[in-house]
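**Student:** Have a look at this prediction, sequence included:
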Amino acid sequence: MLWKRDEIFRAIDRKEVEVIQRRVKVDYDNGLQSPLSFFYQGREHKVSGLLGRFKGNLSSRDITYLVKSNNKEVYLLCLHFHEPSPQSFLSRCYWILHFRVFRNEELMLFSKEERKMKLVNIQLKRAADFHGYLCPDLVIGYKAYELAFKVLSQKENLDGGLIVIAENTTGAVDAIQCLSGCTLGNQRLKIHDFGKHNYTFLISRTGLGVKLSLRGLSFGDEQWYLELKEKVEKEEATIEDFGYFQRLLDDRIKRLLYLKHEELFETAVTKGNHSLPETFTAFARCHHCGEPVLKSKLAEMGGVSLCRQCFSSLMRHPGNSIRH
């Protein structure tokens with residue numbers, strides 16, 4: 001059964017659908033802006049989940065809804081508007097049930113070819129399961145960890161683990177967290193969100209490390225990719241646009257997996273100053289707001305300890321006095 005959105009869009013792009021193209025009656029919730037159920041083949045199909053809302057392709061006002069029914073099928077419903085007539089400002093509308101996405105077990109009857117993107121090994125599958133789906137940024141993080149582990153393990157024993165400094169908040173960081181065990185919670189992952197695919201991996205015991213910087217890559221379809229991405233983000237994309245956009249993403253995934261590590265990253269050995277994570281959590285109260293805060297995050301002002309929010313507020317408004 002197709003559960004994930006990316007798998008559904010791949011199926012739609014490959015035309016692995018049962019074409020229906022019938023007018024149907026739909027129970028619609030105006031408050032939620034979502035269909036609740038539709039009637040097809042003499043019975044009611046309740047909508048158990050809305051998987052996406054898209055621009056239609058029959059007229060500029062059409063809206064399509066990708067829905068999951070209570071019997072675990074995926075359908076595309078379209079609300080089609082007629083253009084208003086000169087005699088009336090109102091326009092008629094009706095619902096069309098466009099298609100049903102084939103289930104995996106149905107596709108097995110048509111072809112034994114593997115329908116899903118193949119994950120090259122169990123580590124990438126773990127990262128994809130952790131993140132929720134496979135995407136280009138996730139592959140970048142996966143390959144960054146692989147390269148860092150290879151470089152550092154040749155230089156020193158990695159007993160004691162790693163510390164990672166990432167310069168973005170993309171899916172690449174999820175792959176690194178999953179595979180390295182360095183997380184925000186155990187304080188072995190530091191994030192400085194500069195929007196760059198730069199990653200520094202440090203051996204926690206010695207501080208020896210390697211910095212990886214993503215090289216400039218060209219996929220040859222950047223203009224079309226950016227146009228589609230903008231349509232998706234502005235909710236102006238049709239379901240066909242989403243399917244094609246998923247194909248472009250998959251092409252990027254395959255290309256990234258094919259590239260050698262050295263083709264993907266520039267590497268530089270580095271030596272980092274690092275502090276070991278706290279072994280316990282110690283709190284104290286902010287003298288101004290009274291809320292508990294990690295002792296390591298307190299700032300001093302006028303002989304009292306303040307949380308960083310209160311410290312920043314008092315620095316911006318020096319006329320405000322510290323509460324006593």
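**Tutor:** Cool, got the structure. Numbering: from 1, shown residues only.

**Student:** Tell me where the stretch 151-300 of the chain has helices.
**Tutor:** Using DSSP state H, counting those that start in this stretch, the helices of the stretch 151-300 of the chain run over residues 171-180, 222-233, 239-258, 261-264.

**Student:** got a pLDDT number for Ala128?
**Tutor:** Looking at Ala128, its pLDDT stands at 89.

**Student:** secondary structure class for it?
**Tutor:** helix (DSSP: H, G, I helix; E, B strand; the rest coil).

**Student:** That one contacts Asp137, correct?
**Tutor:** No. Between Ala128 and Asp137 there is no contact under C-beta atoms under 8 Å: 11.5 Å. Where C-beta positions appear, they are placed from N, C-alpha and C, glycine not excepted.

**Student:** what about the two, which has more around it?
**Tutor:** Regarding Ala128 and Asp137, a neighbour count based on other C-beta atoms under 10 Å identifies Ala128 as having more, with 23 against 19.

**Student:** now the nearest residue to that one once chain neighbours are set aside: how far from Ser34?
**Tutor:** Closest residue to Ala128 apart from its sequence neighbours, by C-beta to C-beta, 6 or more residues apart in numbering: Leu134 at 4.4 Å. With distances taken as C-beta to C-beta, to the nearest Å, Leu134 is found 28 Å from Ser34.

**Student:** Between these two, which is the more surrounded one?
**Tutor:** Under the criterion of other C-beta under 10 Å, the comparison of Leu134 against Ser34 puts Leu134 first, with 24 against 14.

**Student:** Would you double-check that the more buried one falls in a helix?
**Tutor:** No. Checked against three-state DSSP, Leu134 lies outside a helix; its state is coil.

**Student:** shouldn't it be in contact with Ile140?
**Tutor:** No. Leu134 lies out of contact with Ile140 (C-beta under 8 Å); the separation is 11.9 Å.

**Student:** distance of Leu217 from Tyr258?
**Tutor:** Leu217 is 12 Å from Tyr258, by C-beta to C-beta.

**Student:** and Asp29, how many residues sit next to it?
**Tutor:** A total of 11 residues lie near Asp29 under the criterion other C-beta under 10 Å.

**Student:** Return the set of residues that bridge with it.
**Tutor:** Here Asp29 sits in beta bridges with Ser34, going by DSSP bridges.

**Student:** Pull up the per-residue confidence for it.
**Tutor:** At Asp29, pLDDT is 92.

**Student:** what do you get for Phe283?
**Tutor:** For Phe283, pLDDT reads 82.

**Student:** now do Leu228
**Tutor:** 91.

**Student:** repeat for the one 5 residues further on
**Tutor:** Glu233 carries a pLDDT value of 89.

**Student:** Give me the distance between it and Gly290.
**Tutor:** 41 Å.

**Student:** Likewise for Gly161?
**Tutor:** Applying C-beta to C-beta to Gly161 and Gly290 gives a distance of 37 Å.

**Student:** Lys72 now?
**Tutor:** For Lys72, the distance to Gly290 equals 51 Å [C-beta to C-beta].

**Student:** Now Ser305: closest residue in space, sequence neighbours ignored.
**Tutor:** That would be Leu298: by C-beta to C-beta, 6+ apart, it lies 4.3 Å from Ser305.

**Student:** Surely the one you found and Ala284 touch.
**Tutor:** Yes. Using C-beta under 8 Å, Leu298 is in contact with Ala284, at 6.3 Å.

**Student:** Of those two, which one has the most company?
**Tutor:** Higher neighbour count among Leu298 and Ala284: Leu298, with 19 against 14, using other C-beta under 10 Å.

**Student:** how close does that one get to Val304?
**Tutor:** From Leu298 to Val304 the distance is 10 Å (C-beta to C-beta).

**Student:** Just want to know which of Leu217 and Tyr258 has more residues nearby.
**Tutor:** A direct count of neighbours by other C-beta under 10 Å for Leu217 and Tyr258 places Leu217 higher, at 15 against 8.
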